[in-house]
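Chemist: Give me coordinates for this.
(2 chains)
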Amino acid sequence: MRDVFIIGVGMNDWGELWELSLRTIWTQAALAALADAGVDHVDAMTVGCMSGGLFVGQEHLGALLADELGMAGIPATRVESACASGGVALRTGFLEVASGISDVVLVTGVEKMTDCSGDEATAALATAADQEWEVFPGATFPGLYAMMARAHMATWGTTREQLAMVAVKNHGNGLHNPHAQYRRAVTVEEVLNATVVADPLTVLECSPITDGAAAVVLADGETARRLAKGRPLVRIAGVGLATDRMALHNRSDLAALPAVTKAAQKAYAMAGITPQQVHVAEVHDCFTIAEIMIIEALGFVPVGRGGPATQAGETARGGRIPVNPSGGLKAKGHPVGATGVAQAVELTLQLRGEAGPRQVEKARIGLAQNMGGTGASSVVHILEVIP
Amino acid sequence: MTVGIVGYGSYIPRRRIRLGDIAKVWGADAVAFQRGLELHEKSVPARDEDTITMSTTAARRALARAGIDPARIGAIYIGSESHPYAVKPSGTVVAEAIGATPDVHCADLEFACKAGSEGMFIASALVRSGEVEYALAIGADTSQGAPGDALEYSTAAGAAAFIFGRDNLLATLDAQTSFMTDTPDFWRREYMHYPRHAGRFTGEPAYFKHTKGAALALMAKVNAKPQDFAFAVFHQPNGKFPMRVGQELGFTRQQMMTGWLSPWLGNTYSGASPMGLTAILDVAKPGDRILMVSYGSGAGSDGFVWTVTERILEAQALAPATRAQLDERKLYVDYGTYAKLRGKIRMGE
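Modeler: From the prediction side, this is the model:
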């Protein structure tokens, strides 16, 4: 298997982009990544997108977007794994370069979510849960994560304040990200007193509906070194993808995310590292409780200690293991198919030392964790910088 | 040629429903609505009140302040999105009721919430051209929101009427402008009972873009700055939007408070900024300059600059003040009564 490097990254400014269409925001991100890499053609591309069909009535995104980029003719594949679509698209691109089939692959993610009503978006997102067993009886994602939060609180004593601190931290980080949808700080009091979406989760504990796209260019070692131009090389050192029982009621423990653990173990083994060696992480904080459960599942903190560790500032930018310096899904926004790719964009900037005011000092190994549904699929990538 | 307002009047139904009573029925967060949209209660029309009856009352009050023979009114325009008839004008009934027929031109107008100001725009232009001596423009609505929809917390009832003329003005019209694009933020197709809206899209690219566009164009036209005005009133779909757009343009809360009726009135659609103007005229002093900007979904804004004259002092007391109608003699109804009055209950055959 060949080494695979990220040689270019790009994303557009995320938010409610009413005057831009899916193809336009995608093209902005793709062109930015190609320019950053210094390439004008690619051998293949992947598009992570959860539901172009339900959000904007557009499928067949591989062909559409290759055409939009002026590259009709190349192999182009749309990849779907609910909110993990972007991360799985990255893994697909990784496999393509690692296998030797392609030397340069454009990996992208996109979601255009504000062209439909809030109710329609909620229904589209709910297709990532088990329709027959969860959605038809009335569950929505905030409701499912609220049950997971209740379970975590009951099992481990996690408090509402600790949940709120995830949002406070990530909004604080988002202040320094020019691409973030929300660039404003929030306090624990504001989070706790915001409108309740699904008890105990308030609206400030839920990631928003976002239009956005992100892209990275992958290449083999020879190509990467040729195009480095003095910049440090960022290698994908480990990859892991795992699944879990789809419906919450089929899981033995609502307060754990075994797919995250399995995906992480594969990635750690491939990279030859332990969780303690990770310097910076971008994780899937679709709800505040998710980040707490994820940092446990990744082995950053002992199981059950996600709340206290957050409270103690261990995951803050200057903490022991900074989590979501980009602002995370909460502040940066969550265009579902783009999120996994944007995590790789952020880590690449962090490892190159190009993250500006949100730079994590001396970050040499980064971990990206992206997740579909309530954790029925999860993908983990470990990136390392080669000076 | 100078034109302006010779008489104005308003009408607000006595009935009110509190937001908390609506929120309770739908399991919604009343505090969030009150805090987020700055809405507390809204007017509710009685069973025998509609756009025609409210328009008639507002027009009679405008006539009382104008002191003119209604037969000299040469044009009547009623803007509303709740004309009682889909086909058959509201204006004919009102014209007949106030004694303006038959030598009168009449049209019902529709442009979501700016239909009222459209009438003002046209009426003043007809008077300025010399085509008619006086023209009456009315904005009135008994607007409806679907049960449980965010709109249900704001849709209210009210009317404002203005008679335009060339002499004996109580406020001169110094400039008017219109700012319009095709922006589909809110609509109701034929046979639909309730309108639909595009959620948060109704804010930034719709309301704010057009109200700001009209206000800036208008101030440029008369070479004025926000501090040159004694009062400003913007379309008020809720309490929050007009205050935000005004402050972003550089107006103070103090300049806007007088015409800011929506927190306790709701959104009277075609009547909204025109009713705010009536509340301002009720207390304005000679020489005061007023900026008014409407907004209608679809979307566009009309803007007007008025200067109050000496005659305002004798006209103010000749008909009920808007603020008094808003604050006094209120009758609170519960949601069941409200649902009955608004025709939301399906009756037996």
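
Chemist: which residues of the stretch 1-150 of chain B fall in helices?
Modeler: With DSSP state H, counting those that start in this stretch as the criterion, the stretch 1-150 of chain B has helices at B:19-26, B:30-37, B:51-66, B:90-98, B:115-129.

Chemist: Out of these, which one sits most buried?
Modeler: Of all these, helix B:51-66 has the most neighbours on average by mean count of other C-beta atoms under 10 Å in any protein chain shown, namely a mean of 26. From N, CA and C alone the C-beta is placed, and that goes for glycine too.

Chemist: Contact partners for the single nearest residue of the stretch 101-250 of chain A relative to chain B?
Modeler: Nearest residue of the stretch 101-250 of chain A to chain B: A:Thr195, at 4.5 Å (C-beta to the nearest C-beta). By C-beta atoms under 8 Å, 6 or more residues apart in numbering or on different chains, the residues touching A:Thr195 are A:202-203, B:29, B:32.

Chemist: now A:Ala247
Modeler: Each residue near A:Ala247 by C-beta under 8 Å, 6+ apart is listed here: A:129-130, A:133-134.

Chemist: what two of the residues you listed are the furthest from one another?
Modeler: Farthest pair in those (C-beta to C-beta) is A:Ala129 and A:Trp133. Separation: 8.5 Å.

Chemist: Looking at those two, which has the bigger crowd around it?
Modeler: More crowded of A:Ala129 and A:Trp133, by other C-beta atoms under 10 Å in any protein chain shown: A:Ala129, with 22 against 14.

Chemist: Just read off the phi/psi values of that one.
Modeler: Main-chain torsions, A:Ala129, degrees, to the nearest 10: phi -100, psi 180.

Chemist: gap between it and B:Gly250?
Modeler: According to C-beta to C-beta, to the nearest Å, A:Ala129 and B:Gly250 sit 48 Å apart.

Chemist: what does the stretch 51-200 of chain B put close to chain A?
Modeler: With the criterion set to C-beta under 8 Å from any C-beta of the partner chain, the stretch 51-200 of chain B comes near chain A through B:198-200.

Chemist: Need phi/psi at A:Ala72.
Modeler: Main-chain dihedrals, A:Ala72, degrees, to the nearest 10: phi -50, psi 130.

Chemist: count of residues packed around it?
Modeler: Count around A:Ala72 with other C-beta under 10 Å applied: 12.

Chemist: Show the pLDDT at it.
Modeler: Note for A:Ala72: predicted pLDDT of 97.

Chemist: Am I right that it is in contact with A:Ala66?
Modeler: Yes - counting by C-beta atoms under 8 Å, A:Ala72 touches A:Ala66, with 5.5 Å between them.

Chemist: can you pull out the strands in the stretch 101-250 of chain A?
Modeler: Using DSSP state E, counting those that start in this stretch, the strands of the stretch 101-250 of chain A run over residues A:104-111, A:196-198, A:201-202, A:212-220, A:233-243.

Chemist: Quick check: neighbours of the shortest one in the sheet, parallel or antiparallel?
Modeler: Going back to what we said before, that points to strand A:201-202. When sheet partners are counted by DSSP bridges, strand A:201-202 sits next to strand A:196-198 (antiparallel).

Chemist: What lies in contact with the partner strand?
Modeler: So strand A:196-198 is contacted by A:140, A:142-143, A:145-146, A:202-203, A:205-206, B:29 (C-beta under 8 Å, 6+ apart).

Chemist: As a markdown table, the contacts of A:Ala247 with distance to chain B and pLDDT would be great.
Modeler: Listed next are the contacts of A:Ala247 as a markdown table, based on distance: C-beta to the nearest C-beta, whole Å; pLDDT from 0 to 100:
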| residue | distance to chain B | pLDDT |
| --- | --- | --- |
| A:Ala129 | 22 | 96 |
| A:Asp130 | 26 | 96 |
| A:Trp133 | 25 | 95 |
| A:Glu134 | 21 | 95 |
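
Chemist: Just the ones of the residues you listed in helices?
Modeler: Among those, no member falls in helices (DSSP state H).

Chemist: Can you tell me how far whichever residue of the stretch 51-200 of chain B sits closest to chain A is from A:Ala121?
Modeler: Proximity of the stretch 51-200 of chain B to chain A (C-beta to the nearest C-beta) peaks at B:Gly199, 5.6 Å away. Separation of B:Gly199 from A:Ala121 (C-beta to C-beta): 10 Å.

Chemist: do A:Ala259 as well
Modeler: Taking C-beta to C-beta as the measure, A:Ala259 and A:Ala121 are separated by 24 Å.

Chemist: neighbour-wise, which of those two wins?
Modeler: When neighbours are counted by other C-beta under 10 Å, A:Ala259 and A:Ala121 differ, and A:Ala259 comes out ahead with 27 against 20.

Chemist: Could you point out the helix or strand that follows whichever helix or strand A:Ile295 is part of?
Modeler: Using DSSP states H and E, A:Ile295 maps to helix A:288-297. Downstream of helix A:288-297, the first helix or strand assigned by DSSP H and E is helix A:306-311.

Chemist: hey, C-alpha coordinates of that next one in PDB?
Modeler: The C-alpha trace of helix A:306-311 is given here as PDB (Å, rounded to 0.1, in the frame of the first residue of the first chain):
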ATOM      1  CA  GLY A 306     -15.800  13.100  29.300                       C
ATOM      2  CA  GLY A 307     -17.900  15.600  31.300                       C
ATOM      3  CA  PRO A 308     -15.300  16.300  34.000                       C
ATOM      4  CA  ALA A 309     -12.500  16.500  31.400                       C
ATOM      5  CA  THR A 310     -14.400  19.100  29.400                       C
ATOM      6  CA  GLN A 311     -15.100  21.000  32.600                       C
END
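
Chemist: Contacts for the very next helix or strand once past that helix next, please.
Modeler: Following helix A:306-311 in sequence order, the next helix or strand is helix A:328-332 (DSSP H and E). For helix A:328-332, contacts defined as C-beta under 8 Å, 6+ apart pick out A:14, A:166-167, A:170-171, A:173-175, A:177, A:179-183, A:205, A:207-208, A:282-286, A:288, A:291, A:324, A:326, A:339, A:342.
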